[in-house]
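Sharing a model prediction with you, sequence too.
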Protein chains: 2
Amino acid sequence: MGHSSVKITHKRVVVCLTLFASLPYHPRTISGGPVISTINNMADVWEAYRHEVDGVENRVKKNLDSSVELVNTVAAQILSGGGKRIRPLILLLSARLCGYTDNEHHQLGSIVEYIHTATLLHDDVVDEADLRRGKRTTRRVWGNQISILVGDYLYTRAMCRVVEFRSQGINEVLAEACKKMAEGEVLQLYYNGNPAVPEHDYIKIVEHKTAALIAASCRMGAILADASEAQQESLFRFGQYLGIAFQVADDTLDYTANGESLGKTIGQDLRQGKATLPLLHLLKHCSEQDAAMIKDRMETRTLSPTDLERILFLMNEYGSVTYSTERAQTYINAAKRELDNFEDCPARRALTVTADYMITRDR
Amino acid sequence: MGHSSVKITHKRVVVCLTLFASLPYHPRTISGGPVISTINNMADVWEAYRHEVDGVENRVKKNLDSSVELVNTVAAQILSGGGKRIRPLILLLSARLCGYTDNEHHQLGSIVEYIHTATLLHDDVVDEADLRRGKRTTRRVWGNQISILVGDYLYTRAMCRVVEFRSQGINEVLAEACKKMAEGEVLQLYYNGNPAVPEHDYIKIVEHKTAALIAASCRMGAILADASEAQQESLFRFGQYLGIAFQVADDTLDYTANGESLGKTIGQDLRQGKATLPLLHLLKHCSEQDAAMIKDRMETRTLSPTDLERILFLMNEYGSVTYSTERAQTYINAAKRELDNFEDCPARRALTVTADYMITRDR
């Protein structure tokens, strides 16, 4: 009898686990999902939400179904190029934070990744970039033409998929984000080679080209979860602060990072004629003579190793890197304050950890 | 009394006219609108629907409201570059054909024009084109970078506007068309420099890169008018045949046109490595020696005036231009047969005239 009882219990456990496996994944309500105490760093986040990110990954692959094989080949290559899927992660965490219990966010996450990838393809052509994530860019492997057109394909494939959600809110939020990204890139190009960018316009560029899609990802997750307007707004702001912080940190990294870990060399932004926050700070504080040297190098696109060494020395002298790092931290703090509007749960913990990660990662 | 009576009549006429002016424009029901007998050629169509096309034009201008001024400047320049607004015209005629009585199709027409313009911007970069409609291309005036990014902007601005229609059908049809255009361009690039394009794939390229948006324009007009699925399908096919015919005729023009009227020189497609229908026909029928010469010139992108003269002579000899022209005419005939599914009315007459115009215009 005792033996039989144990057997039944065992069977019950199996039945329960099977039930959980077929249920929509919901960390807040299903035992066996992530718990707050186990999420302490980014590795924990990836581990806790691994099968969610895998769900996004499956959709990323499945949506590559063009009848033009070259499209699939090129798109698959760029999509498997080592991107961290940080935007889909933030989207799915936002959905879970708002109590979403279904799995449609996998598809929505893949759509966001498609759009992000499309912008990378076009940006690399515009920037004439040779390396991304330590690998040769698509334009270097396949040429500018294919990069432009496959970028267009990814954009439009994403649009086809997103309208299938039949959600006015999602349609509007995503289209607006795409528009802002394009505007941000044009504004950046407008200031190219010009060191006199008002800090206000620098932040506008960053907010448009980088933060818009992250903010939209957050809001789309919330919309999917049928969250209140207030919650949607709060998560949108969270994403916006996060995105600005991320880009400011990334721009700062361009003057500090180990070239190898960043997959690009130091001072690349300056070489490309982009005046970012550390440089804008330096130009405001350094001597006229040094400012003239920097302006000249930017306008003529000539930057010798000696020039760069001098600039890095000056940035250290005037605290330009520290200033930018602190600005990024301030935005992250503002982002995290938005999370106070939500109950504590594994998704909130994961978003907090992700927020910190956004300004400490080396890409 | 007589005098007073005349006065009253005069007032009534004024009241009626005012009433007409405030009513939605509907050629079939409002006297004073176009009548069938007055629409005999393309000039009549433009004249009869002038204030509709003006309505589109106003929307084209109004939608350029970016906070980034450079975007507006560049986009306005390309949008005012002499485009005929043929896609918006076809869209609005399709809507009227299905009994549409409102004016939302002006906005929808401007959206289609934005998307068309976006593809032109990207295509000119991909083709390294210097001239369009006899003027310097945007990439020659502003550079490739700005052409790519403003193209992205026009795409995404269009997407923002189209979702405002809150029509699932319109969202799906337009997204699908955009995706097909990108696929068509990639397929064309795939075959670039290769003279061995199967005719089936040539038609697939044409159907994707050109016909998709025209077919979508027709269908969107029908959707706006709440037309039956059968009517939508019929108009979609009308647009598809029209679009294929238009591109085939355009490709044929590349071997026949007066360089000045076309705004580009003869043999440009061949120089760019594009094997179009007249050339595919010629390669199938000419001697091996001539075929080898053509293949060599295409692969090496070297085409002397003597080579071109020889090719034009051969095309005349083997009837390649005649063959392509007839193919275009066959598609136009198929398109016009679709219109038999609709009652005779000014919009149908205008679409018939437009169909004929599509293969006779010199751009």
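Sure thing, it's come through.

tell me the average confidence for the strand or helix carrying A:K284?
Per DSSP states H and E, A:K284 falls inside helix A:277-285. For helix A:277-285, the mean per-residue pLDDT is 97.

give the contact list for A:I203.
A:I203 makes contact with A:I244, according to Cβ atoms under 8 Å, 6 or more residues apart in numbering or on different chains. Using the backbone N, CA and C atoms, a C-beta is placed for each residue, glycine as well.

now do 10 Å
For A:I203, the contact set (Cβ atoms under 10 Å, 6 or more residues apart in numbering or on different chains) comprises A:197, A:211, A:244, A:247-248, A:277, A:327, A:331.

Closest to chain B out of the residues you listed?
Chain B has its nearest neighbour among those in A:V197, at 13.4 Å by Cβ to the nearest Cβ.

Report whether the expected contact of that closest one with A:H281 is present.
No. Checked against Cβ atoms under 10 Å, the pair A:V197 and A:H281 is beyond contact range at 11.6 Å.

quick one: contacts for A:E104?
With Cβ under 10 Å, 6+ apart, A:E104 has these contacts: A:24, A:59, A:95, A:164-165, A:167, A:224.

Let me see the confidence value for it.
pLDDT at A:E104 comes out at 96.

State the distance from it to A:L121.
Computed with Cβ to Cβ, to the nearest Å, the distance linking A:E104 and A:L121 is 26 Å.

Tell me which stretches of the stretch 1-150 of chain A form helices.
A:2-22, A:42-48, A:50-62, A:69-79, A:86-97, A:105-126, A:138-142, A:144-163 (DSSP state H, counting those that start in this stretch).

ok now do A:T156, which residues does it touch?
With Cβ under 10 Å, 6+ apart as the criterion, the residues that contact A:T156 are A:114, A:118, B:115, B:155, B:159, B:174-183.

now the angle between helix A:277-285 and the longest helix belonging to chain A, please.
Taking DSSP state H as the criterion, chain A has its longest helix at helix A:229-253. For helix A:229-253 against helix A:277-285, the angle by axes from the mean of the first three to the mean of the last three Cα atoms, to 10 degrees is 70 degrees.

which intervals of chain A have sub-threshold pLDDT?
Residues of chain A meeting the criterion pLDDT under 70: A:1-32, A:257-264, A:361-363.

how about the strands of the stretch 251-363 of chain A, start to end?
Read by DSSP state E, counting those that start in this stretch, the stretch 251-363 of chain A holds no strands at all.

how about the helices in it?
Under DSSP H, counting those that start in this stretch, the stretch 251-363 of chain A gives helices at A:259-262, A:268-271, A:277-285, A:288-300, A:305-318, A:320-338, A:346-358.

about what we covered before: and the angle from the longest helix of chain A to helix A:86-97?
Comparing the axes of helix A:229-253 and helix A:86-97 via the same axes, to 10 degrees yields an angle of 150 degrees.

Go through helix A:229-253 and flag the buried ones.
A:231-232, A:234-253 (16 or more other Cβ atoms under 10 Å in any protein chain shown).

is it anywhere near chain B?
No. Residues of helix A:229-253 are not located near chain B by Cβ under 10 Å from any Cβ of the partner chain, the shortest gap being 15.9 Å.

Is stretch A:67-83 positioned near chain B?
Yes. Judged by Cβ under 10 Å from any Cβ, stretch A:67-83 and chain B are in contact via A:67-72, A:74-75.
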